[in-house]
Structures are given as structure tokens and as C-alpha cells.
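S.K.: sequence-free structure coming up:
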């Protein structure tokens, strides 16, 4: 019996054909690849849809307020899902060559008018690898200060709400399903586990 590998492994299967289904000036596109299993010469190639996405950077900004650790959150409408989600400040990594942490810093400034003195990596995840190589880079931001940016939000961003929630309340809301957005759940679970918070705490 072969011992399974205890970690992800890179390496793409051969692509024998590719067709664009949608591509425009934006960084996201949809294509269909024809792929072939490696080492199986007699196997028939098969098609897979691929959503091209450059990834996103996400800020988990924590500040002590009224003696309690609290997280900066936003409430934003997401049309594909048809609902308004509680989320973290985040943005697409759409600047070529930019380190994702710089993207997270910019989004924290633009979306919620905050800066952080301390940044550290929380987690890196692939939310839906069956259809996209989109990668989420989550960072912990501390030493929070308010700033004036002059940034003018548009479309859904023009209607977002900014609020703070104690870490324990956010954790409880994720665990009981009141908050379901993926990066929020991963960030608060990672943060609380690594810092010894009791799971299930909060109201």
C-alpha cells in the first residue's frame, strides 16, 4: 500500500487544445481546455472549463476596542450569489508583479480607510480548484490607524457598510452559519486556533 502524500503537489496535465469562451479587457476570462492524462497514451483527451482569475488579497484587521479584540468587516452585495455578505476588506491581484500583501494594504486603505503597522501571513487557499486557479492570500493586520484616502467607490462598493465585531462574536457567527463567506471563515478560524481561542466562544 502506497503512503499518500501529505500535501499538495504542483504539476499540470498536458493541454492539447484550448478555446476562449469569454475574454475582454478585464483580468477574468473563461476558456475550455482539452487535457490528456499523463502517461496514458491511449486515453482520450477530455474537456475542462477554466475560469482565469489572478487571485485576491484579503486583510484580517484586528484592533483592541473597549478592551476587546475586534475585526474590521464590511457588508457588501454580491450579485452572482444574490445576497449581501459579511466580508473582509479584499481585492483582486490585478497589478502585474505586485506582491499580494501590497494589494491587501491598498484595499484596506481604499475600502475602509485604514492602515496597519504590522502585517503577517495567515493562510493561502484555493477556494474552487475544480474550475479556477484563483488563489486567496490572507493577511493579519495589526496596529490600526485611520487615514484619509480620497478614494471614490463605485457600483457595489459605493453601498458597502463598514463595522467592527469582536473576534469571539465573529467566530460564533461563522460556526453557527450566520456568516458564510469563505475567506472570513478561514481567517477567523485560523486566527483563533493559532492564538488559543476556545472554539465555540462568543454569543
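M.R.: Received the coordinates, thanks. Because the structure is predicted, anything quoted here is derived from the model rather than measured. Numbers count the residues shown, from 1 in each chain.
S.K.: Distance from the host helix or strand of residue 108 to the middle of the chain?
M.R.: Per DSSP states H and E: residue 108 is located in helix 100-112. Here helix 100-112 is found 13 Å from its chain centre; the criterion is Cα atoms, centre = their mean, to the nearest Å.
S.K.: Stretch 153-162 now?
M.R.: 18 Å.
S.K.: same check, this time on stretch 182-196
M.R.: Distance, stretch centre to chain centre, for stretch 182-196: 13 Å (Cα atoms, centre = their mean).
S.K.: cool, stretch 60-68 as well?
M.R.: 21 Å.
S.K.: Can we start the residue count at 382 from this point?
M.R.: All right, first residue 382 from here; so that's stretch 441-449.
S.K.: buried ones in it?
M.R.: For stretch 441-449, burial by neighbour count (16 or more other Cβ atoms under 10 Å) applies to 441, 442, 443, 444. C-betas here are computed from N, CA, C, even on glycine.
S.K.: again with stretch 471-487
M.R.: Residues of stretch 471-487 classed as buried by neighbour count (16+ other Cβ under 10 Å): 471, 472, 473, 474, 481, 482, 484, 485, 486, 487.
S.K.: Residue nearest the middle of this structure, spatially speaking?
M.R.: residue 517 (3.9 Å; Cα atoms, centre = their mean).
S.K.: re the thing from before, for the next helix or strand after the helix holding residue 489, which outside residues touch it?
M.R.: For helix 481-493, the following helix or strand on the C-terminal side (DSSP H and E) is strand 495-506. With contacts defined as Cβ atoms under 8 Å, 6 or more residues apart in numbering, strand 495-506 is touched by 440-442, 453, 470, 482, 485-486, 489-490, 516-528, 563-564, 567-568, 571-572.
S.K.: Break the protein down into its structural domains.
M.R.: 396-433, 437-575 (automatic domain parsing).
S.K.: Span of the first one from start to end?
M.R.: Start to finish, the residues bounding domain 396-433 are 15 Å apart (Cα to Cα, to the nearest Å).
S.K.: Identify each buried residue in it, please.
M.R.: 414, 416, 417, 431.
S.K.: circling back to that earlier point, in this structure the residue nearest to the centre of the chain contacts residue 437, no?
M.R.: Yes. Residue 517 lies in contact with residue 437 (Cβ atoms under 8 Å); the separation is 5.4 Å.
S.K.: what separates the residue located most distally from the centre of the chain from residue 569, distance-wise?
M.R.: In the chain, counting by Cα atoms, centre = their mean, residue 423 sits farthest out from the average C-alpha position, at 39.4 Å. As judged by Cβ to Cβ, to the nearest Å, residue 423 and residue 569 stand 49 Å apart.
S.K.: same question, residue 519
M.R.: In terms of Cβ to Cβ, residue 519 sits 10 Å off from residue 569.
S.K.: which residues do these two both contact?
M.R.: Counting by Cβ under 8 Å, 6+ apart, the shared contacts of residue 519 and residue 569 are residue 441.
S.K.: So for those two, which residue has more residues nearby?
M.R.: Under the criterion of other Cβ atoms under 10 Å, the comparison of residue 519 against residue 569 puts residue 569 first, with 27 against 24.
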